[in-house]
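> Make a model of this:
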Amino acid sequence: MNKKKKHVHSIRIQFSGIFLVVMFITVFGIVIANKIFLQQFYISNKKADIIKSYESINEEAMNGDITSDEFWIDLQRICDKYSIEVVVLDDESQALVSSSSDSDFMRRILWENMFGVDSADSVTENRIVLEDTSKYTLQQEIDNRTKTSYLEIWGFLDNGNLIMIRSALESIKDNAALTNRFIACVGIISAIIGSILVLFVTNTITAPIHKLSEISSEMKKLNFEVKYKTRRRNANEIDVLGQNINEMSETLETTIKELKSANIELTKDIEKKEEVDNMRKEFISNVSHELKTPIALIQGYAEGLKEAVNDDEESRDFYCEVIMDEANKMNIMVKRLLKLIQIESGRETINMERFDIVSMIKNYLKSADILAKQKNVEVKFEDYAPIYVWGDEFAVEEIIQNYYSNAINHVSGDNVIEFKLIEKDNKIRISVFNTGNPIPEESIEHLWEKFYKVDKARTRQYGGSGVGLSIVKALMDIMGQGYGVINYENGVEFWFELETK
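Next up, the predicted model:
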């Protein structure tokens with residue numbers, strides 16, 4: 001059942017998105033707070049400033065001459081500090097001190113507040129008393145001329161003079177709008193710069209996480225070659241996670257190796273009992289047949305030596321060479337048969353491990369180079385990159401040796417032997433091709449049988465026992481992989497396969 005691939009969202013994009021949302025909420029909240037609370041906050045602070053102004057002027061008036069230059073300087077300082085207009089009147093309604101450009105208008109407002117006038121003649125409207133004491137009254141009103149809202153305090157100083165302090169409130173709306181525009185601009189610029197910084201900073205976090213994701217994907221495919229490189233300095237939790245994944249990868253590789261070996265051993269044990277009896281019968285029959293000829297030759301030539309059929313030295317040397325040659329062939333055949341018996345009886349253990357097949361072939365061809373030179377054979381093998389496979393390293397080398405030996409003994413024509421590696425579906429096919437005559441079609445299905453020989457006369461020339469390909473078959477069956485032979489017009493190709501994952 002096919003699983004749908006889940007769409008993965010980038011952590012970097014998520015971090016940036018969260019940052020932008022937080023920035024937007026913050027800026028939007030500040031703008032709303034300005035519109036709702038800034039005016040009340042401003043008026044509250046302005047009330048405190050005007051009261052402080054009144055108390056400062058009252059204190060200065062009690063400590064000195066209200067008409068002196070020193071008092072005027074102090075008054076100017078207070079007006080500048082609190083952005084206010086002040087007018088001080090004597091008991092005859094004459095302006096003693098005024099910081100307003102229109103002192104008459106200020107005086108009129110003061111008298112209007114103290115004694116009242118007809119509403120038609122009033123210069124202000126919508127008065128709202130905010131605080132009323134025995135000394136002063138604090139109120140908010142609108143100027144009829146400019147329709148501007150003001151905060152005012154009017155009353156008496158301790159020295160008996162009248163005082164009027166006034167400050168415009170209208171600028172707060174412009175200030176709030178200006179503040180909101182400024183905050184919006186700063187917020188947008190901050191969001192852009194912050195997003196770039198977030199993308200840059202989160203890259204240092206997400207890059208190793210992405211690497212760990214790739215490693216886990218490879219582990220899912222049973223590829224344990226990829227490792228996470230941990231930092232020796234400034235290591236963090238991600239580096240610890242990477243190290244744990246590396247250790248888990250090694251543990252999984254070891255476990256899979258053991259499972260493959262155990263699986264092969266289990267399969268071998270199940271089949272072993274059924275094959276043992278057949279192998280014994282077949283072995284005795286084949287050995288008897290194969291040893292009959294060399295034993296007869298050894299016996300015949302030995303009797304000839306004993307009876308002195310030929311007395312000359314050259315004939316005796318020839319008889320001895322035949323006996324030694326046949327004895328050597330028997331020795332080789334017996335060794336190979338013992339090897340085959342060990343494999344088929346289950347006494348040959350298979351150790352599954354991961355190794356570089358390219359390196360193995362190169363090393364073997366170097367050691368077997370003398371055989372090629374003796375027969376004037378050109379051996380071809382491309383410069384492949386390392387390819388790691390699962391198998392018993394010694395068994396695979398034996399298979400390569402048998403294929404190569406078979407190719408050396410049957411090569412002809414252009415005298416070329418070529419090794420090829422083809423990867424497909426998590427497997428690698430290793431093939432050995434030699435130029436020469438194709439194998440007869442009727443013989444192909446019997447090639448892997450013990451003691452089978454396509455050309456018996458030629459096989460005897462190079463000492464072949466007919467067991468090499470049987471050993472290949474036995475080893476490949478134990479490892480549970482494919483093998484075979486392909487005929488071409490100009491030669492023959494033997495191949496076998498190994499798993500890469």
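> can you list the weak-confidence ranges in the stretch 1-150 of the chain?
1-12, 117-121 (pLDDT under 70).
> go again using 90 as the cut-off
1-85, 87-130, 134-135, 139-150 (pLDDT under 90).
> which stretches of it form helices?
Under the criterion DSSP state H, counting those that start in this stretch, the stretch 1-150 of the chain contains helices at 11-33, 39-63, 69-82, 103-115.
> Mind putting these into a markdown table with distance to Cys185 and mean neighbour count?
In this view, the C-beta of every residue, glycine as well, is placed from N, C-alpha and C. Output for the helices of the stretch 1-150 of the chain, formatted as a markdown table (distance: least, Cβ to Cβ, whole Å; neighbours: other Cβ atoms under 10 Å):
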| stretch | distance to Cys185 | mean neighbour count |
| --- | --- | --- |
| helix 11-33 | 10 | 14 |
| helix 39-63 | 22 | 16 |
| helix 69-82 | 30 | 14 |
| helix 103-115 | 39 | 17 |
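> how about these, which one is nearest Phe381?
Evaluated over the helices of the stretch 1-150 of the chain, closeness to Phe381 peaks at helix 11-33, with 46.7 Å, by Cβ to Cβ.
> That closest one relative to helix 39-63, how many degrees between them?
Computed with axes from the mean of the first three to the mean of the last three Cα atoms, to 10 degrees, the direction of helix 11-33 lies at 50 degrees from that of helix 39-63.
> roughly how far is helix 11-33 from the heart of the chain?
Relative to the chain's own centre, helix 11-33 is displaced by 28 Å; criterion: Cα atoms, centre = their mean, to the nearest Å.
> nearest to Glu393, of the helices of the stretch 1-150 of the chain?
The minimum distance between Glu393 and those falls on helix 11-33, with 43.1 Å, by Cβ to Cβ.
> Show me the residue at the heart of the chain, geometrically.
Centroid-nearest residue in the chain: Lys211, 1.8 Å away (criterion: Cα atoms, centre = their mean).
> Pretty sure that residue sits against Tyr228.
Yes - under the contact definition of Cβ atoms under 8 Å, Lys211 touches Tyr228, with a separation of 6.3 Å.
> can you list residues touching both of those two?
Common neighbours of Lys211 and Tyr228, counting by Cβ atoms under 8 Å, 6 or more residues apart in numbering, are Gly242.
> what are the ranges of the helices in the protein?
In the chain, the segments counted as helices under DSSP state H are 11-33, 39-63, 69-82, 103-115, 171-220, 237-306, 313-345, 357-367, 369-374, 393-410, 441-444, 456-462, 468-479.
> Which strands or helices does the last one pack on?
Counting by 3 or more Cβ pairs under 8 Å, 6 or more residues apart in numbering; DSSP states H and E, the packing neighbours recorded for helix 468-479 are helix 237-306, helix 313-345, helix 393-410, strand 483-488, strand 491-499.
> switch to 7 Å and redo it
helix 237-306, helix 313-345, helix 393-410, strand 483-488 (3 or more Cβ pairs under 7 Å, 6 or more residues apart in numbering; DSSP states H and E).
> partners of the shortest one, with directions?
This points to strand 483-488. strand 491-499 (antiparallel) (DSSP bridges).
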